[in-house]
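*Asks:* Just a sequence and a predicted model for now, questions to come.
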Amino acid sequence: MYFRTMRLPARAAGLFIAGALLLPLAGCGEEEQAETAAEEAIGVFASMVTRQELAEPVTGTGTIAAHKTTVLGPRVDGIIEEIMVRVGDRVTAGQPLFRTRDAEWKLKVAELENHVRLASAEAQNAQKGFARAEELHGKGFVSNGKLDDARAARDAANARLGMAKAQLATAQQMLEDCVVTAPFNGVITKRDVDEGKFMATRMGGMGGDGGGVLQIMKIDIVAAIVNVPEIYLSKFKVGSKGKVFLDGIDKSYDSYVAILNDRIDPVTRSVEVRLPILNKDYEVKPGLFARAEIYPEAREVLALDRAALLGSEAKRHVFVAENGRAKRIDVTARQIDATRVEVLSGLKEGDKALSGPNAALLIDGMAVRIEGSDEQALASDAAAQPNVK
C-alpha cells in the first residue's frame, strides 16, 4: 500500500491556499458585523407629547400702598397749640388730632353773638313798627309813603340780623376748625411740626402746598401696586386671581386684580396693576416691596419633557423612533417651566420624543432601542425595536 503523490499546477495550488485562508476570515467578518449592528442600537427613553391645562402666572413687582393717604394741615391760620397724637398711633374717624390756638376766635364768637342779639332786637322793633303802621294805614291815619318807610325799615333790620347770624356762623366754624380731626380710621405715619409753630392754611394741609402737620394712612386695606410688561395684557383682566408675596415679612396673600390702569408707561412699556390685601392687624406696612403673580384662565397646550428638546434656541429639534431608527423632526417650542416645554409645531398629541442620557448622541437614522423609564411611555413602541438577527 502506498500513497500516490498528486501534483497540482502552481497557479491552482495558490488559489486553493488563498481560498482556504479566506473561509475562516469571512466567518469572523459576519460575526463582527452582527456584533457591530447590535452595538449601534443605542438605548433611549421615550417622552410622550401630552395635552395639559396650563395657567402660567404673569409676574410683576412693585410696592405696597395704603388705601388712603392724607396730609393734615391747619384749617385756620395760627400757632399750633397742641398735638394730641404720635407717629404710630391708631386713630378713629372724628378723633381730635391737633389744635390751633383758638382764643381769638372764642372772643370773636362772643362779640358776634352780641351783634346777633342786637340785630334781633332791632328786627323785632322794626316788625312791630311796620305792624302798627299797617294797622293805622287801614284806618286811614297813615299815608302810603309812611307805610312804605315802615316796611323798608323792617326789611333792613331783618337783613342786618341775617348778616349778623352769617358772621357768627363763620366765626363758630373757624373756632370749630381750630381742632383738626381724623377724616377716617387709620394710623399716624408722619409728624412734621411741633407745638408752637405758626402755620397758615396756605402753607400746608387742607389745600395747601406745604408739608402739613400730620400724615394719616388708612391701611386696614392695602394694595400691591405692581408693574407688568405690556405684552402680557391679553392674558388677564380685572377680576383675575393673583397672589402677593412680601419678602420683607416672609408672607404671601391671596388676592385678585382690582384695578387695571388704562395707561401704558411709554418708557418702561408696562402697565400698573393693583391687587388689594385685607390688613386688619396692620401687619402689612405701606412701602414694602411686593411681588405679585397673576393667574390667567387655564388653556390647553401640548406639553413635552424638556429633556427631549435638542438644538439651539434658534433651531430646536427632537428625535422620534421610526422603524427602529432615530428620525429628526424640527419643532417650535416654548419653555413652560424647568421641566416642561410647550410644543407649538412639529409634533402632535401622543407622539413620543426620544430622551435620556444618550439623546444628545443621536443622529438621523441611528438605530435606537427604547428602554422606557418615562411613566408616559413604559410600554415600548414595537416599531422602535431594531430587527437584528
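*Replies:* It's in.
*Asks:* low-confidence ranges in this structure?
*Replies:* Within the chain, the segments meeting pLDDT under 70 span 1-39, 203-211, 372-389.
*Asks:* any idea how it splits into domains?
*Replies:* Listed by automatic domain parsing, the domain ranges of the chain are 42-52+300-384, 103-177.
*Asks:* Highest mean neighbour count out of those?
*Replies:* Of all these, domain 42-52+300-384 carries the top mean neighbour count, a mean of 17, counting by mean count of other C-beta atoms under 10 Å. The C-beta positions use only the backbone N, C-alpha and C, and glycine is treated the same way.
*Asks:* After the longest helix along the chain, which helix or strand is next? Please name it.
*Replies:* Longest helix in the chain, counting residues (DSSP state H): helix 103-139. Proceeding N to C from helix 103-139, the next assigned helix or strand is helix 144-177, under DSSP states H and E.
*Asks:* Residue 82 is in contact with residue 196, isn't it?
*Replies:* No: using C-beta atoms under 8 Å, residue 82 makes no contact with residue 196, being 10.2 Å away.
*Asks:* These two: which is more packed in?
*Replies:* Counted by other C-beta atoms under 10 Å, residue 82 and residue 196 do not tie: residue 82 has more neighbours, with 12 against 9.
*Asks:* Could you pull out the buried residues of the helix or strand harbouring the more buried one?
*Replies:* Under the criterion of DSSP H and E, residue 82 resides in strand 78-83. By neighbour count on 16 or more other C-beta atoms under 10 Å, the buried set for strand 78-83 is 78, 80, 83.
*Asks:* What pairs with that strand, parallel or antiparallel?
*Replies:* Take DSSP bridges as the rule and strand 78-83 pairs in its sheet with strand 96-100 (antiparallel), strand 198-199 (antiparallel).
*Asks:* between it and helix 103-139, how big is the angle?
*Replies:* Taking axes from the mean of the first three to the mean of the last three C-alpha atoms, to 10 degrees, one finds strand 78-83 and helix 103-139 inclined to each other by 110 degrees.
*Asks:* now strand 78-83 against helix 144-177, angle please.
*Replies:* With the same axes, to 10 degrees applied, the angle from strand 78-83 to helix 144-177 works out at 50 degrees.
*Asks:* The domains of the chain: which one's closest to residue 276?
*Replies:* domain 42-52+300-384 (28.2 Å; C-beta to C-beta).
*Asks:* surely residue 227 meets residue 269?
*Replies:* No: using C-beta under 8 Å, residue 227 is not in contact with residue 269; the gap is 9.7 Å.
*Asks:* Of those two, give the one with the bigger neighbour count.
*Replies:* Ranked by neighbour count (other C-beta under 10 Å), residue 227 and residue 269 place residue 227 first, with 18 against 11.
*Asks:* And the strands in the stretch 201-350 of the chain?
*Replies:* For the stretch 201-350 of the chain, the strands defined by DSSP state E, counting those that start in this stretch occupy 214-229, 241-246, 251-256, 259-265, 270-278, 289-295, 299-305, 310-311, 316-322, 325-335, 340-345.
*Asks:* mind giving me TSV with those and columns for distance to residue 148?
*Replies:* Formatted as TSV, the strands of the stretch 201-350 of the chain follow (distance: least, C-beta to C-beta, whole Å):
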stretch	distance to residue 148
strand 214-229	58
strand 241-246	77
strand 251-256	73
strand 259-265	65
strand 270-278	68
strand 289-295	76
strand 299-305	87
strand 310-311	107
strand 316-322	103
strand 325-335	94
strand 340-345	95
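*Asks:* thinking again about what came up before, distance to residue 72 for the domains of the chain - can I get that in CSV?
*Replies:* CSV is the format used below for these (distance: least, C-beta to C-beta, whole Å):
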stretch, distance to residue 72
domain 42-52+300-384, 49
domain 103-177, 12
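*Asks:* out of the ones you listed, which comes closest to residue 200?
*Replies:* domain 103-177 (13.4 Å).
*Asks:* Endpoints of the closest one, how far apart?
*Replies:* This stretch, domain 103-177, spans 13 Å end to end (C-alpha to C-alpha, to the nearest Å).
*Asks:* starting at the chain centroid, how far to that domain?
*Replies:* Taking the mean of its C-alpha atoms, domain 103-177 sits 64 Å from the chain's own mean (C-alpha atoms, centre = their mean, to the nearest Å).
*Asks:* Likewise for stretch 178-198?
*Replies:* 32 Å.
*Asks:* cool, stretch 88-100 as well?
*Replies:* 33 Å.
*Asks:* how about it as CSV, C-alpha atoms only?
*Replies:* Below are the C-alpha coordinates for stretch 88-100, written out as CSV (Å, rounded to 0.1, in the frame of the first residue of the first chain):
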residue,chain,number,x,y,z
GLY,A,88,-47.8,105.0,65.1
ASP,A,89,-51.0,105.9,67.0
ARG,A,90,-54.1,104.3,65.6
VAL,A,91,-57.0,106.7,65.4
THR,A,92,-60.7,106.6,64.6
ALA,A,93,-62.7,108.9,62.3
GLY,A,94,-63.6,112.2,64.2
GLN,A,95,-60.9,111.8,66.8
PRO,A,96,-59.1,115.2,67.6
LEU,A,97,-55.5,115.2,66.3
PHE,A,98,-54.2,118.7,66.8
ARG,A,99,-55.4,122.2,67.7
THR,A,100,-54.6,125.7,66.5
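*Asks:* ok, residues contacting it?
*Replies:* Residues outside stretch 88-100 that contact it (C-beta atoms under 8 Å, 6 or more residues apart in numbering) are 72, 74-85, 177-188, 199, 213-214, 216, 282.
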